[in-house]
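S.K.: generate a structure from the sequence data that follows.
(one chain, ligands or ions: 2)
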Amino acid sequence: MTRQRSLSGTIPSMETHHDELKDNTIIIVLGASGDLAKKKTFPALFGLYRQGFLPRDVKIVGYARTKMDPEEFHKRETSYIKNPNDDPEIAAAIDAFKSFSTYVSGSYEDGTAFDELNKHLEEIESHYQSKERNRIFYLALPPSVFIPVAKNLKEHCYVAKGGVNRIIVEKPFGKDLESARELLGALKQYWTEDETFRIDHYLGKEMVKNLLVLRFANIAMNAAWDKNSISNVQITFKEPFGTEGRGGYFDEFGIIRDILQNHLLQVLSILTMERPVSFSAEDIRDEKVKVLRAIPPIERDDTLLGQYVAANGKPGYLDDETVPPNSVCPTFAATTLWIHNPRWEGVPFILKAGKGEHHDQ
Ligand SMILES: NC(=O)C1=CN([C@@H]2O[C@H](COP(=O)(O)OP(=O)(O)OC[C@H]3O[C@@H](n4cnc5c(N)ncnc54)[C@H](OP(=O)(O)O)[C@@H]3O)[C@@H](O)[C@H]2O)C=CC1
Ligand SMILES: O=C1O[C@H](COP(=O)(O)O)[C@@H](O)[C@H](O)[C@H]1O
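M.R.: Numbering: from 1, shown residues only. Ligands and ions are numbered 1, 2, ... in the order given. Purely as a prediction, here's the structure:
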């Protein structure tokens, strides 16, 4: 599972190499009771399993504070896996997926709870044919618990010899510059850069990856990609449903930190960066940083905030029982920013993001 530099000169969505998962691997999903785990992580793992991309003896372990028996866990784990026509092959794959998935409940702060998790992992590993043990820890958790969890995993669940450990964290990486530095610094204290994977799942969307091809493999498009041909750019995230029980995470962060600062800025930087020296992750990052540095701080006067309210039988944000009463957390934000460089001088970029965006809410 060594991380390779992308092939110079290739466009990432055309790359074929990837790090292979090895046998004797357990994927541990922390925050397994939550929205990300249910809607994206478990369905994605199932997709990989069905397509034969997971090692044949892989095991999945969910971990969270919520108490759940195996039946309840399996129900949640598979609730977003689609089988619209009751295909028996998919149904059998879902049953198989459940059969190698287990759940452990415990706190995020308490070391002894992680000892219990480790015991569970060791019990699974005691059936391996060889001594190699690989563990992938996926944090489907709010950033407020990243640090204690990263620490406890390193201190209580890390395979010191004879295997690899990986930790995967999802955006947002903190709330502001200070907390981002603290978070990333603390992660570094326990996990090496090679062991750490930071994810913004919008970068994995085909449409976003295709932007690189659209821009840099297309001479006509490339020639017209500037202030002379484009009067303004609007990037909009519009979700037709609200928080639906995610107040525990969302209310602490709000729509700017949940969507705008990460997903939309990633899309913006891919749309506006100059052609990278190569399409390696590092060279793309360097070009993104350059364009982001050409954006002055956003003005409050150029920003509109809002919160969705109940309408037409759909609940409002404050009706979600996981949201504190009277919360003023924004669920909608729109802002205009400018890029001061020769390509984009004078072009307004309008970023909008909103949850609960039924047209009548
Ligand atoms: N939902 C999505 O589609 C996506 C989410 N993400 C990221 O994933 C992370 C988790 O988001 P999501 O799953 O949506 O959020 P949830 O609110 O569903 O939280 C996940 C789990 O974390 C625990 N939790 C929630 N709030 C707290 C808290 N304040 N302190 C400690 N534990 C808490 C709960 O588990 P329990 O109480 O059982 O321990 C909950 O089930 C966030 O960083 C988000 O940005 C990224 C991409 C997509
Ligand atoms: O990161 C997040 O993304 C989802 C939306 O993802 P999508 O792939 O379904 O567009 C959003 O619901 C969630 O609030 C946020 O944390």
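
S.K.: and Ile26, what is it in contact with?
M.R.: Residues in contact with Ile26 (C-beta atoms under 8 Å, 6 or more residues apart in numbering) are 58-61, 121, 124-125, 133-136. Glycine gets a C-beta too; all of them are placed from N, C-alpha and C.

S.K.: before we move on, what about Pro296?
M.R.: 337-338, 340.

S.K.: torsion angles phi and psi at the nearest residue to Glu170 once chain neighbours are set aside?
M.R.: Nearest residue to Glu170, sequence neighbours excluded (C-beta to C-beta, 6 or more residues apart in numbering): Ile199, at 5.2 Å. Here is the backbone geometry of Ile199 (degrees, to the nearest 10): phi -120, psi 140.

S.K.: kindly report the same for Lys22.
M.R.: Dihedral angles (degrees, to the nearest 10) for Lys22: phi -100, psi 170.

S.K.: do Phe349 as well
M.R.: Per degrees, to the nearest 10, the backbone of Phe349 is at phi -110, psi 120.

S.K.: right, and the residue nearest to Glu170 touches Val169 too?
M.R.: Yes - the pair Ile199 and Val169 qualifies as a contact (C-beta atoms under 8 Å) at a distance of 7.0 Å.

S.K.: of those two, which one has the most company?
M.R.: Counted by other C-beta atoms under 10 Å, Ile199 and Val169 do not tie: Val169 has more neighbours, with 23 against 13.

S.K.: and the residue lying closest to the more buried one once chain neighbours are set aside, how far from Glu239?
M.R.: Using C-beta to C-beta, 6+ apart and skipping the chain neighbours, the partner closest in space to Val169 is Leu139 (4.9 Å). Leu139 sits 22 Å away from Glu239, taking C-beta to C-beta, to the nearest Å as the criterion.

S.K.: more crowded one of these two?
M.R.: Remark: of Leu139 and Glu239, Leu139 carries more neighbours, 22 against 16, as counted by other C-beta under 10 Å.

S.K.: over to that one: give its phi and psi.
M.R.: phi -90, psi 100.

S.K.: check contacts around whatever residue of the chain ends up closest to ligand 1.
M.R.: Ranked by C-beta to the nearest ligand atom, the top residue of the chain for proximity to ligand 1 is Gly34, at 2.4 Å. Residues near Gly34 by C-beta under 8 Å, 6+ apart: 64, 140-141, 246, 249.

S.K.: buried among the residues you listed? Make that a ChimeraX selection.
M.R.: Restricted to buried positions by 16 or more other C-beta atoms under 10 Å, the ChimeraX selection for the contacts of Gly34 reads:
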select :64,140,141,246,249
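
S.K.: thinking again about what came up before, do you know the pLDDT at the residue nearest to Val169?
M.R.: Predicted confidence (pLDDT) for Leu139: 97.

S.K.: can you pull up the bridge partners for it?
M.R.: Note on Leu139: beta-bridge partners Leu30, Val169, judged by DSSP bridges.
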